[in-house]
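Undergrad: I would like to see how this sequence folds:
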Amino acid sequence: MKITGLETISLSAPLKNPFLSGKGTLGSGNVGLAFVQIHTDEDVVGIGEASLVAVRLIREFEKLVVGEDPFAVERIWEKLFRARENGKFYPSEILMRAVAGIDTAIWDVIGKALNKPLYRLLGGYRNKVPCYASGGYYRAGYTKEDLAKEAAGYVEMGYKAFKMKVGLLDPEKDVERVKAVRNAVGDDVDIMCDGSTSWDPATAIRFAKMAEKYNIRWYEEPVQWYDQVEGTRMVKEATSIPIASGQGEITKFGCRRWLEGRALDIMQADSRNCGGITELRKIAAMAEAYNIPIAPHHCYVHSNMHLTASAPNGLILEIFPNPERNPLWFEVYMDDPENMIKGGVLTVPEKPGLGIELNEKGIEKYRVKE
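TA: So this is what the prediction gives:
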């Protein structure tokens, strides 16, 4: 089997109301997604999820993958990873997101060619993965009572864990929001707090100390981007709340710093950021050696769910059940959350490869020029 070509599909959906995290408006009011399609000489077509910002480079990389055997996935990955050694400069984050989209589509080819779901090829540790409802954004006129109602609504849908944003307000006001959520969902539902790299270590510690009594499952990305490992370790050493981070890391080398520095309790590397399934499985194995579970970041779950299901230290998946926050999943995939998740647990489809099936109506509705 040989790769004969590559195509991309770019999508963008406007959000009706701005969703704010601790560091500002989500995606400037839009959410974006791209798909990579890898064609082969045996009519097997692989589909991979990718970041919209990487589409131009993905197209440029077509010449590097045409003619390759998709089963040589490690060789292809290394070829792409080393692409800028030929004298061209590609920004590191864009490079790794381009590698991720192509790599994920190639894994889909492999699964389809072997007629096996990818999680089984990667290890098949389980076929069901718990999920948490991700939301709790700041919004204009959105009170803590509204937030509590939102959280309770996800519990009614069957979710047993809810993640909310913190970091935009003073710690004392954010703790009041946490308190409102805890009162609304009761003691049997997990609450995660996502700081979105908003505070300095001292402020993050102040929040954590006040929030501890509300039994927080984890505190995510508590400190600013420029002081990630050292600053986060300061927070970890000062609180009993487990610390989650790593979603912004783009290689196994970056993730190694977190593990060697004992700076987190949950690794959140995202396959779309860190070079795809090939790199994420290595990060998961490295984290396992440090007794650290992996809970991949982000909502387009097909690649992340297969890795999480296949790995012994796979913990939980992030889901955005609100169509206003994530219209693309509800309209461009044939399997949306309502079909894949019951009682807060995702059953991995037994379809070959990643199991992605696209809804052409949704694709045409949100397609943008590349």
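
Undergrad: So residue 306 is in contact with residue 348, correct?
TA: Yes: look at residue 306 against residue 348 with Cβ atoms under 8 Å: they come within range, at 6.7 Å. (Glycine included, C-beta is placed from N, CA and C.)

Undergrad: any shared contact partners between the two?
TA: Applying Cβ atoms under 8 Å, 6 or more residues apart in numbering, one finds that residue 306 and residue 348 are jointly contacted by 117, 119.

Undergrad: Grab the nearest non-local neighbour of residue 247.
TA: residue 297 (3.5 Å; Cβ to Cβ, 6 or more residues apart in numbering).

Undergrad: can you list the domains in this protein?
TA: With domains defined by automatic domain parsing, the chain comprises 3-115+360-366, 120-347.

Undergrad: Now do the same contact list for residue 269.
TA: Applying Cβ under 8 Å, 6+ apart to residue 269 gives the contacts 246-247, 249, 255, 280, 283-284, 294, 296-297.

Undergrad: at 10 Å instead, please
TA: If a contact means Cβ atoms under 10 Å, 6 or more residues apart in numbering, then residue 269 has 245-252, 254-255, 258, 275, 279-280, 282-284, 286-287, 294-297, 304, 307 as its contacts.

Undergrad: How about residue 123: what's its closest non-neighbour residue?
TA: Nearest residue to residue 123 in three dimensions, chain neighbours excluded: residue 310, at 3.8 Å (Cβ to Cβ, 6+ apart).

Undergrad: The lowest-mean-pLDDT helix or strand in the chain pairs with which strands, parallel or anti?
TA: Within the chain, no helix or strand scores below strand 24-25, which has a mean of 72 by mean pLDDT, DSSP states H and E. Strand pairing for strand 24-25, determined by DSSP bridges: strand 20-21 (antiparallel).

Undergrad: mean confidence score for the strand it pairs with?
TA: The average pLDDT for strand 20-21 rounds to 89.

Undergrad: Can you give me the separation between the residue nearest to residue 247 and residue 319?
TA: Residue 297 is 12 Å from residue 319, where distance means Cβ to Cβ, to the nearest Å.

Undergrad: Might you list the low-confidence residue ranges for the chain?
TA: 26-28, 299-300, 337-338 (pLDDT under 70).

Undergrad: run the last query once more with 80
TA: 17-18, 24-29, 299-301, 335-339, 370 (pLDDT under 80).

Undergrad: which residues of it fall in strands?
TA: Counting by DSSP state E, the chain has these strands, from start to end: 3-14, 20-21, 24-25, 30-40, 45-50, 128-134, 161-165, 190-194, 216-220, 243-245, 266-267, 317-319, 341-342, 345-347.

Undergrad: follow-up on the earlier one: name the residues contacting each of residue 297 and residue 319.
TA: Contact criterion Cβ under 10 Å, 6+ apart; residues bridging residue 297 and residue 319 by contacting each: residue 134.

Undergrad: So residue 22 sits against residue 170, correct?
TA: No: proximity of residue 22 to residue 170 does not meet the contact threshold set by Cβ atoms under 10 Å, at 11.6 Å.
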